[in-house]
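[1] Build me a model:
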Amino acid sequence: MDPDRSRAPVGPRVLAALATLLERTHLAPPDALPDAVDAALDQLGATGTLYLADYAGTTLVPMTRPGAERPPNLPLDSTLAGLAFRMTTATPGPSGDAPVLWMPVIDGVERLGVLKIELRHAADLDDEPFRRDCWLVVHLLGHLVSVMDAFGDGIDTARRDAPRTVAAELIWQLLPPLTAGTDKVVITGRLEPSGAVGGDAFDYALSDDAAQFTILDATGHDVRSGLAASTALAACRNARRQGHGLFAQTEAIHRAVIDEFAGDMFVTGVLGQLDLHSGRLRYLAAGHPPPLLLRHGRVVKRLTSGKRPLLGLEMQHATVAEEPLEPDDVVVLYTDGVIEARDHQHQMFGIDRLVDFLEREAADGTPLPEVVRRVCRRILDHQGGELQDDATVLLVQWTSRGQTLLDPLR
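    Numbering: from 1, shown residues only. Reported below is the predicted structural model:
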């Protein structure tokens, strides 16, 4: 956000709107959000409808009060609402007799949906103070969606495009937010298929000094795969939260998989740690496809130096490698379900297609969360809409512009 704009005085009407939103959601279930949004926007001279992005990344689903008439779902790739979500930018547009402003609903840098704001006065559409007031309300709304999602099923139910398998339910409950960031780093990931993922998972932890991240892939495609991935994720977190480094985290995963599955299950993965002051990346790939390094819009190398056999085998040799990053470099992690995805002619998607896709999106200036969504849609399209294996992508960007990348008023 423009520094001058962020320092502009906050007027009484937006303070009233923020207070209303907080009061209406205090000690309230997630189902109360639609009424709270309407009451808050009324303070600004507008009405609104909250749309949440479904987990498949294809549709915006309205969240309405119980018993109210439900507007239709909106396609993410062919509507103004979808444009506001995809590019995280405020998008004006007509809707019947009332002018409309579509505002992306984000929590930090995680995209959650959009808010349709119907204005009572057409002049407000081009009024920058009014847009700033709307953004402050929507910014708080994004936080509330994330918080309220934790103690009710209303938000999660609205975002589900299809029933989940038990394995997918297990994995989704353990995942961190799909996107997070600070002023030094942005991390964004996605799992496909969202309703039937089995053995893939990822995790990260951010501090002022470092970003630690992990991508995992357990063998198989069933509940046992989900159990193995969950065990590996828990072991990694436990070791990391005790202050252990990459080697100890990797060994903790290895030992947990052996102890719980006695050689019947195995896990591959990449563990990394990025120094957010110097850009020094330390990483280790355990039987997993090596990460890619995207720099100035080009994939400049594969990170192949840090190695270890897959986790769960009684082989202990490991090498932790280092790679110096430049500002705005992106480290690309992915599971084999991405590059080994096959079409009806049994042609694999392959590393070359992945590299070409990443470079094209970088050239277009596509926001990182949208790159992840699009690459997963491209993998699904390559296989005719049905994956034979889980496909997961995780992008890590070292940047000093993390928050401004998702400024909807830019």
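[2] Check the offset of the helix or strand hosting Cys376 from the chain's centre.
    Using DSSP states H and E, Cys376 sits in helix 368-382. With C-alpha atoms, centre = their mean, to the nearest Å as the basis, helix 368-382 stands 12 Å off its chain's centre.
[3] likewise stretch 105-125?
    On C-alpha atoms, centre = their mean, the centre of stretch 105-125 falls 19 Å from that of its chain.
[4] do stretch 186-193 as well
    5 Å.
[5] ditto for stretch 308-320
    29 Å.
[6] what does stretch 147-164 give?
    16 Å.
[7] Next, the contact list for the residue nearest the centre of the chain, please.
    Closest to where the C-alpha atoms of the chain average out (C-alpha atoms, centre = their mean) is Leu178, at 2.6 Å. Counting by C-beta atoms under 8 Å, 6 or more residues apart in numbering, Leu178 makes contact with Glu110, Thr188, Gly189, Arg190, Pro369, Val372. Every C-beta, even on glycine, is put in place using the N, C-alpha and C of the backbone.
[8] And it, its phi and psi?
    phi -60, psi -30 (degrees, to the nearest 10).
[9] Which secondary structure elements does the helix holding Cys376 sit against?
    Here helix 368-382 is seen to pack against helix 80-87, strand 185-192, helix 336-339, helix 350-363, strand 391-398 when contacts are counted using 3 or more C-beta pairs under 8 Å, 6 or more residues apart in numbering; DSSP states H and E.
[10] Make CSV out of the ones you listed and add mean neighbour count and mean pLDDT.
    Listed next are those as CSV, based on neighbours: other C-beta atoms under 10 Å; pLDDT from 0 to 100:
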stretch, mean neighbour count, mean pLDDT
helix 80-87, 22, 95
strand 185-192, 26, 94
helix 336-339, 22, 91
helix 350-363, 16, 96
strand 391-398, 25, 96
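[11] I'd like these as a markdown table, with distance to Pro324 appended.
    Below are the helices and strands packed on helix 368-382 laid out as a markdown table (distance: least, C-beta to C-beta, whole Å):
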| stretch | distance to Pro324 |
| --- | --- |
| helix 80-87 | 31 |
| strand 185-192 | 16 |
| helix 336-339 | 26 |
| helix 350-363 | 20 |
| strand 391-398 | 10 |
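[12] just so I know, which of those lies nearest Ile215?
    Each of the helices and strands packed on helix 368-382 has some distance to Ile215 by C-beta to C-beta; the shortest is strand 391-398, at 5.0 Å.
[13] if we can go back for a sec, would you quantify the distance from the residue nearest to the centre of the chain to Glu192?
    Here the criterion is C-beta to C-beta, to the nearest Å. By it, Leu178 lies 12 Å from Glu192.
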